[in-house]
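Pasted the sequence and its predicted model underneath.
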Amino acid sequence: MMKRFAEFMDRKVLHDRVKQAEELGQMGITRRYLPDPPEDFDEYEFGIDYLGSQDRAVAVTIEKGEIKRMLFGATVPDNPDMLKPLSDEELGALLDRKGDDLVKFFKFITGS
């Protein structure tokens, strides 16, 4: 399932692109947490417009500006700062519905 995102691992995140809310919004992505500027080891968090709500998110961990990990999760309604991991079925459904937009998103933020 995650093979389609492997090409983005170890790619540099272009911080100015992460700030471009309008462009991200066209892909159904919103910024939930944006370190500005990011530390050497930090994490960005983005909401994903899934079934008309922002109840899904992706946390992108970076080290020295390069993507080291991606975690797709569900937001916790009573604690919006938390993400719970998706089951294989939930992840599959998310990628079936939003996978192409997520690939565009990662291409955009890495300049690929």
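Structure received.

element containing Phe108, please.
helix 88-110 (DSSP states H and E).

quick one: low-confidence parts of this structure?
In the predicted model, the chain carries pLDDT under 70 at residues 1.

change it to 80
1-2, 51-54, 77, 80-81 (pLDDT under 80).

tell me the centre residue of it?
Central residue of the chain (Cα atoms, centre = their mean): Val58, 3.5 Å from the mean position.

my read: that one touches Phe46, true?
Yes - at 5.3 Å, Val58 counts as touching Phe46 under the criterion of Cβ atoms under 8 Å. The way it works is simple: take the backbone N, C-alpha and C, and place the C-beta from them, glycine included.

ok, now how distant is Gly28 from Phe46?
10 Å (Cβ to Cβ, to the nearest Å).

Neighbour count for these two, which is higher?
Phe46 (23 against 20; other Cβ atoms under 10 Å).

Please identify which helix or strand holds the spatially closest residue to Lys84 that is not a sequence neighbour.
Spatial nearest neighbour of Lys84, chain neighbours left out: Ala74 (5.2 Å); criterion: Cβ to Cβ, 6 or more residues apart in numbering. Under the criterion of DSSP H and E, Ala74 resides in strand 66-76.

Restricting to C-alpha, output that strand in CSV.
Written as CSV, here are the backbone C-alpha positions of strand 66-76 (Å, rounded to 0.1, in the frame of the first residue of the first chain):
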residue,chain,number,x,y,z
GLU,A,66,14.4,15.4,4.6
ILE,A,67,11.3,13.1,4.9
LYS,A,68,12.1,10.2,7.2
ARG,A,69,8.6,8.9,8.1
MET,A,70,5.0,9.3,7.2
LEU,A,71,2.1,8.4,9.5
PHE,A,72,-1.4,8.4,8.3
GLY,A,73,-3.9,8.6,11.1
ALA,A,74,-7.3,9.5,12.3
THR,A,75,-7.8,12.6,14.4
VAL,A,76,-9.2,12.0,17.9
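
Moving C-terminal from it, which element do we reach first?
strand 79-85.

quick one: that next one to chain centroid distance?
14 Å (Cα atoms, centre = their mean, to the nearest Å).
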